[in-house]
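*Asks:* need coordinates for the below:
(one chain, ligands or ions: 2)
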Amino acid sequence: MADKQELLKVATDMLDKAYTPYSHFHVGAAAVGASGKIYGGCNIENASYGATNCAERTAIFSGIAAGEKHFTALLVTGNTDGPIAPCGICRQVISEFFDADAPIYLTNQKGAFTETTVEGILPGAFVDLN
Ligand SMILES: O=c1ccn([C@H]2C[C@H](O)[C@@H](CO)O2)c(=O)[nH]1
Ligand SMILES: [Zn+2]
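*Replies:* Ligands and ions are numbered 1, 2, ... in the order given. Predicted coordinates:
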C-alpha cells in the first residue's frame, strides 16, 4: 500500500500540470490502482466549461486506461484554505471504482490532511442494479 506522503507528493507534483486558463485553480490527485501503481491527475479545463475534467477523474481514468479495474486509495490536493472538497460528478465516479470503505485523503497545500471514505463523501451512492 502506497504511503500517504508519497501520494501527497504525486498529487502535489500534478498541480504544475493543471490546465486552468479559466479558473486558475490548480488541483492534483493520486489514485492507487489494485496493482499498486499510483496514477497522478490534474484538472483540465475547456472553453466550454462543462467539458472540464477534474483532477480526480483524470487520475482515475488514467489508471483505467492503463489497465486497472479498481482502486484502493485516493488523495486530492489544492490551494484551498481547508481540505479540498471533490465535486459531485467526481464523487459519483469515485464510487464506481473504489470500495465503500476505501480511504479518500482530502488535503491542501498548507498541511490539512483529512481521511474519509467513499461512503463518507457519497452516502448511499447509486449503483447499477444490472
Ligand atoms: O475537487 C476538485 C474541485 C475542483 N476541481 C477543478 C475543476 C475546475 O478546473 C476548477 C474549478 O472548479 O477546479 C478539481 O479538479 N477537483
Ligand atoms: Zn470533480
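*Asks:* just the element for the spatially most central residue of the chain, please.
*Replies:* Nearest to the mean C-alpha position of the chain, by C-alpha atoms, centre = their mean, lies residue 56 at 2.7 Å. Assessed by DSSP states H and E, residue 56 sits inside helix 55-65.
*Asks:* cool, residue 30 as well?
*Replies:* Assigned by DSSP H and E, residue 30 falls in strand 27-33.
*Asks:* flag every residue of this protein that's near ligand 1.
*Replies:* 20, 23, 25, 27, 43, 45, 52, 54-56, 76, 84, 86-87, 90 (C-beta under 6 Å from any ligand atom). Glycine gets a C-beta too; all of them are placed from N, C-alpha and C.
*Asks:* give the buried subset of these as a ChimeraX selection command.
*Replies:* ChimeraX command restricting the residues of the chain next to ligand 1 to the buried ones, with burial defined by 16 or more other C-beta atoms under 10 Å:
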select :27,43,45,52,54,55,56,76,84,86,90
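*Asks:* just the residues of the chain next to ligand 1 that are near ligand 2?
*Replies:* Near ligand 2, judged by C-beta under 5 Å from the ion, the entries from the residues of the chain next to ligand 1 are 54, 87, 90.
*Asks:* contacting residues around residue 15?
*Replies:* 26-28, 42, 77-79, 109 (C-beta atoms under 8 Å, 6 or more residues apart in numbering).
*Asks:* in three-state terms, label it for me.
*Replies:* Assigned state for residue 15: helix (three-state reduction, DSSP: H, G, I helix; E, B strand; the rest coil).
*Asks:* shift numbering so it begins at 384
*Replies:* Happy to do that; since the first residue is 384 now, the last one works out to residue 398.
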